[in-house]
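model the structure of this input:
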Amino acid sequence: VMAWCHDIGKLTTWWQEDHDNTTVSSIDRPPGRVADHSFIGGVTTWWVLRELGYPVRVAFPASIAVARHHGTLPDLESYSFDRFVDTTRWETVRHQVANIDHHSQSREIATQLLEHLSQTDGLQADPDTQPDISWHRFVAAVDDGLRARIADNISGQKGISLKSDYKSTDVYYDLLELWGGLKGADTPASAGLSPPSHNLPDPAVIDTYVDTELSPPTNPETPVELLNQKREETRQETLKRVESLTGESREQPTEARGEPPTNSGENYQLDAFVTDTTPDTNESDTETAQSGVYRVTLPTGAGKTLTVTQAALKLNAASEQSGPLIHNLPYTSIIEQTECVYQTLFDPTSDFNTETNALQTDVSIGVDHYLADNTSDADEEDKDTDSDDVTEMAYQSWHTDITLSTTVQLWESLYGPSKSQATKLPQFYNSTIII
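Purely as a prediction, here's the structure:
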């Protein structure tokens with residue numbers, strides 16, 4: 001419903017005129033933000049959802065998300081009364097509805113849009129009812145007290161504050177999820193960016209890399225050889241624990257890699273991969289795996305990048321709906337080091353395909369931080385500005401198979417996202433996140 005309703009305000013001649021559509025005849029413009037399409041989209045979303053039988057608890061966050069899909073999330077209570085049921089804003093809505101209704105082509109599109117929502121199976125809150133959703137009924141509702149009914153639905157006893165039911169964190173989480181979902185679909189699509197494929201590499205790629213490039217020693221003697229053997233032991237132990245969680249069987253490392261030395265001088269935690277439980281619990285890995293949070297505790301230089309990346313890829317592959325791999329690190333210098341490792345491991349080609357409007361790659365790797373240069377590597381004389389814009393949008397919205405970014409970006413995107421950060425929110429679905 002949000003997807004179909006959010007841009008209905010673009011049918012006004014004023015919006016068309018502001019966006020250089022010369023085929024639409026100009027109509028005298030009344031005062032107010034009559035070319036703003038977001039707010040009327042939120043009003044339409046509310047009315048359709050209520051007609052479909054959904055409670056206020058559903059219609060409220062959905063309509064606010066649509067009304068603010070080109071802005072930041074507001075303080076919900078003050079926005080509801082200062083803006084969403086404000087009589088001045090609703091006078092603008094009446095002008096917009098009348099404008100669409102007056103223009104035959106716009107009216108026809110609006111009619112088809114609402115008829116589609118009325119006739120689509122599965123949208124109704126009660127599948128046994130048939131809603132009567134139509135453009136002319138919406139026009140009548142706007143003229144016949146829809147604003148007052150919304151205000152009554154959301155107002156507390158004194159009529160100047162939200163009902164307590166709509167001040168909960170659950171409502172905010174729903175609003176954040178709906179707003180982020182709409183932003184994450186609308187903004188990249190407007191820029192011409194196709195949805196990400198989430199084509200993650202096979203975890204076995206790291207096995208091949210270790211065996212062919214690092215060649216763990218058979219009989220380690222030097223400090224470097226002993227260190228590499230410890231790295232390999234830790235990786236194998238971690239992978240065994242991952243596979244015990246996913247139900248996958250793994251062949252034991254070959255004896256050629258040697259027995260672990262009894263006194264290596266290194267204080268490694270070989271049972272490094274554990275579920276996130278309190279130290280006093282005795283629950284099994286399987287019982288505690290439901291938390292979905294795991295930790296690896298290793299010192300600097302112990303091979304965390306390879307070990308944790310392979311563990312994350314295995315967990316992602318074992319999930320029913322695999323999503324992207326998001327790797328968040330504290331410093332840009334470490335991000336650059338990790339990017340070099342990933343480029344070596346996965347050999348991505350992040351060229352932009354102008355025919356499909358997508359990143360043309362086997363495994364796409366995006367880097368997002370304030371110093372990142374996300375333009376293409378084309379020669380100065382042969383720059384493709386559109387490609388640069390879409391490539392940058394892909395990286396900044398984390399529309400890549402693997403994203404490297406800062407922990408600051410992660411927390412801000414989850415708990416207080418700006419307009420640009422909101423496009424990242426849908427990428428968290430089914431993702432595997434390394435912090």
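
right, and the helix or strand after the lowest-mean-pLDDT helix or strand in the chain?
Ranking every helix and strand in the chain by mean pLDDT, DSSP states H and E puts strand 358-360 at the bottom, with a mean of 43. Where DSSP states H and E defines the elements, the next helix or strand beyond strand 358-360 is strand 365-368.

which residues does that following strand contact?
Here strand 365-368 makes contact (CB atoms under 8 Å, 6 or more residues apart in numbering) with 335, 339, 342-343, 346, 348, 350, 374, 394-396, 398-406, 409. (C-beta placed from N, C-alpha, C; glycine too.)

just the ones of those in strands?
I402, T403, L404, S405, T406 (DSSP state E).

which one of those sits closest to G122?
For the ones in strands among the contacts of strand 365-368, the minimum distance to G122 (CB to CB) is 32.9 Å, reached by T403.

need the longest helix for the chain.
Longest helix in the chain, counting residues (DSSP state H): helix 223-246.

just for the chain, where's the confidence low?
Applying pLDDT under 70 to the chain picks out residues 26, 157-160, 216-217, 249-291, 348-361, 373-388.

can you give me the strands in it?
Applying DSSP E to the chain gives strands spanning 273-275, 294-296, 325-329, 351-353, 358-360, 365-368, 402-406, 432-434.

let's have the ones in strands among the contacts of strand 365-368 in CSV, adding neighbour count and distance to A98.
Compiled in CSV, the ones in strands among the contacts of strand 365-368 are given as follows (neighbours: other CB atoms under 10 Å; distance: CB to CB, whole Å):
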residue, neighbour count, distance to A98
I402, 29, 50
T403, 28, 46
L404, 26, 51
S405, 23, 46
T406, 18, 49
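
check the residues you listed against I8 and report the nearest one.
The closest of these, once distances to I8 are taken by CB to CB, is T403, at 33.2 Å.

okay but the closest one is in contact with I326, surely?
Yes: T403 is within contact range of I326, at 4.9 Å (criterion: CB atoms under 8 Å).

need the overlap of contacts for those two.
Q427.

just to revisit the earlier point, give me the ChimeraX select line for the contacts of strand 365-368, limited to the buried ones.
Listed next is the ChimeraX selection for buried residues among these, using 16 or more other CB atoms under 10 Å:
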select :335,339,342,346,348,350,374,394,395,396,398,399,400,401,402,403,404,405,406,409
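
go through the contacts of strand 365-368 and flag which are in helices.
I335, E339, Y342, Q343, F346, A394, Y395, Q396, Q409.

for these, work out which two are farthest apart.
The span of the ones in helices among the contacts of strand 365-368, defined through CB to CB, is set by F346 and Q409 at 21.6 Å.

from Q310, how far off is Q229?
Distance from Q229 to Q310, counting by CB to CB, to the nearest Å: 17 Å.

rebuild the ones in helices among the contacts of strand 365-368 as TSV, extending it with distance to D165.
Converted to TSV, these look like this (distance: CB to CB, whole Å):
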residue	distance to D165
I335	43
E339	46
Y342	46
Q343	51
F346	48
A394	39
Y395	40
Q396	36
Q409	33
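
quick check, nearest of these to T423?
Closest to T423, out of all of the ones in helices among the contacts of strand 365-368 and judged by CB to CB, is Q396, at 7.3 Å.

how close does the closest one sit to V66?
Per CB to CB, Q396 is found 23 Å from V66.

try S80
Using CB to CB, we find S80 at a distance of 14 Å from V66.

now do the contacts for the closest residue in space to L313 that isn't next to it in sequence.
Closest residue to L313 apart from its sequence neighbours, by CB to CB, 6 or more residues apart in numbering: P203 at 4.1 Å. Going by CB under 8 Å, 6+ apart, P203 touches Q310, L313, K314, A317.

how about a cut-off of 10 Å?
Residues in contact with P203 (CB atoms under 10 Å, 6 or more residues apart in numbering) are 239, 242, 248, 309-318.

check those residues and tell me the two furthest apart.
E248 and T309 (16.8 Å).

among those two, which residue is more densely surrounded?
Comparing E248 with T309 by other CB atoms under 10 Å, the one with more neighbours is T309, at 24 against 14.

ok, the spatially closest residue to A110 that is not a sequence neighbour to I435 distance?
Excluding the flanking residues, the one nearest A110 by CB to CB, 6+ apart is W135, at 4.8 Å. Taking CB to CB as the measure, W135 falls 49 Å from I435.

before we move on, what about V43?
40 Å.

looking at those two, which one has more neighbours?
V43 (27 against 13).

how many other residues sit next to the closest residue to that one other than its chain neighbours?
In space, and not counting its chain neighbours, V43 is closest to V93: 5.6 Å by CB to CB, 6+ apart. When neighbours are defined as other CB under 10 Å, V93 has 21 of them.

and V93, how far is that from A185?
Distance, V93 to A185, by CB to CB: 24 Å.

ok, the residue nearest to V43 touching A141?
No: the criterion here is CB atoms under 10 Å, and V93 misses it with A141 at 11.0 Å.

shared neighbours, the two?
V43, R147.

burial count for A189?
For A189, the neighbour count with other CB under 10 Å is 12.

pretty sure it sits against P195.
Yes: between A189 and P195 there is a contact under CB under 10 Å: 8.5 Å.

gap between the nearest residue to T305 once chain neighbours are set aside and T212?
Here the nearest residue to T305 in space, its sequence neighbours aside, is V341; by CB to CB, 6+ apart that works out to 5.3 Å. Using CB to CB, one gets 15 Å for the distance from V341 to T212.

and the two? which has more neighbours close in?
Neighbours per residue, other CB under 10 Å: of V341 and T212, the larger number sits with V341, 13 against 8.

what separates the more buried one from D207, distance-wise?
15 Å.

what do you get for P220?
On the measure of CB to CB, P220 and D207 end up 19 Å apart.

which one of those two is surrounded by more residues?
Between P220 and D207, counting by other CB under 10 Å, P220 is the more crowded of the two (20 against 16).
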